[in-house]
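**Q** Pasting a predicted model and its sequence here:
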Amino acid sequence: MVDSVSKILFHLVAQSGTLKKLASRYGMRRPSSFARRFIAGETVADAIAAARAVEARGMLISLDLLGESVATLAAADVATGGYLDVIDAIITSGIERNISLKLTQLGLDVDKASAIDNLRKILERAAAAGFFVRIDMESSEYTEVTLEIFETLWGHGYRQMGVVLQSALLRSEQDLPRMNALGARVRLVKGAYKEPKSVAYPKKADVDAAYARMLRVLMADGHYPAIATHDPAMIELARAQNVAPDRFEFQMLYGVRRDLQARLVNAGYRVRVYIPFGREWFPYFMRRLGERPANVMFVIRGILGEHG
């Protein structure tokens, strides 16, 4: 119940334009600012610096230029250009060539065909340079169209890409065999969006149980699965499947459970850290807080420290 209420609260806060402006003014003002625990910074240079530090600890990385739900084709074009610039910057930097993106960032809410064209532009540039591109999953209203677009482009030969499934959604256990049959690389997450009971499990225990069932299927039948979790129980379940460490990877968020990340690397597992950055960081930050209410105290201490 607490988890559900917190997700609703932070979902509403994330939509506040006033709070977003205040956060943009103060949240990234110094390297020690409160949001810097979860966000690498606002520029690609910030993200590359963070990526180098993560790689120095023996981990894999993926850069995520934050932004979603653009309202115009012009904004979608800007976002697409931003990702092309990120690809060029990654090539120049020499860090691992791995990125993630959201389809609403590329204009899905405005025009589906334009969003597909924008995604294709990114995939063309990325494929030529040996990148892997993860198409993130958004709220449930986008699940089917995201999978349809993924399947369409997969059928056109774009194979250096993967998709995400959320165990919180009732439909995901049927979507998993669909993606496995393609040969697609699936990232399994629990889900951070506020969803109605008609499409999602309302109780955390049910979300966890679905995640465990999907994990077993993914480890048995998947194609280099990505087990995205900070939950020690799910990590132990994955390790218990007796799959060779080079045939899957754990994925975790930047700034979350660095101790656990290090332990897994020391045990011989691959760990990929998702590194979010960009000016549109506030909605992402609110979802991270909504996933774990204890994070609120960290933010409050950070704000008091900045203004005390």
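**A** Right, received. Where do you want to start?
**Q** Remind me which helix or strand Val273 belongs to.
**A** Take DSSP states H and E as the rule and Val273 turns out to sit in strand 271-277.
**Q** do the same with Thr146
**A** With DSSP H and E as criterion, Thr146 is part of helix 143-155.
**Q** buried set for that helix?
**A** Under the neighbour-count criterion of 16 or more other CB atoms under 10 Å, helix 143-155 has 143, 146-147, 149-150, 153-154 buried. (C-beta placed from N, C-alpha, C; glycine too.)
**Q** do stretch 125-133 as well
**A** Within stretch 125-133, the residues that count as buried by 16+ other CB under 10 Å are 125-127, 131-133.
**Q** Quick check: phi and psi on the most centrally placed residue in the chain?
**A** Centroid check for the chain by CA atoms, centre = their mean gives Asp136 as the closest residue, at 5.9 Å. Dihedral pair for Asp136: phi -70, psi 150, per degrees, to the nearest 10.
**Q** what's the angle from the longest helix seen in the chain to strand 271-277?
**A** Counting residues, the longest helix found in the chain (DSSP state H) is helix 73-93. Orientation note: helix 73-93 sits at an angle of 130 degrees relative to strand 271-277 (axes from the mean of the first three to the mean of the last three CA atoms, to 10 degrees).
**Q** Point out the other helices and strands that helix 73-93 packs with.
**A** Counting contacts by 3 or more CB pairs under 8 Å, 6 or more residues apart in numbering; DSSP states H and E, helix 73-93 packs against helix 44-56, strand 60-65, strand 98-101, helix 112-128.
**Q** And stretch 93-113, what's buried?
**A** Residues 93, 95-110 are the ones in stretch 93-113 that count as buried (16+ other CB under 10 Å).
**Q** typo on my end, it should be stretch 189-205
**A** 189-195, 200-201.
**Q** Stretch 48-61 too?
**A** For stretch 48-61, a neighbour-count test (16+ other CB under 10 Å) marks 48-51, 54, 59-61 as buried.
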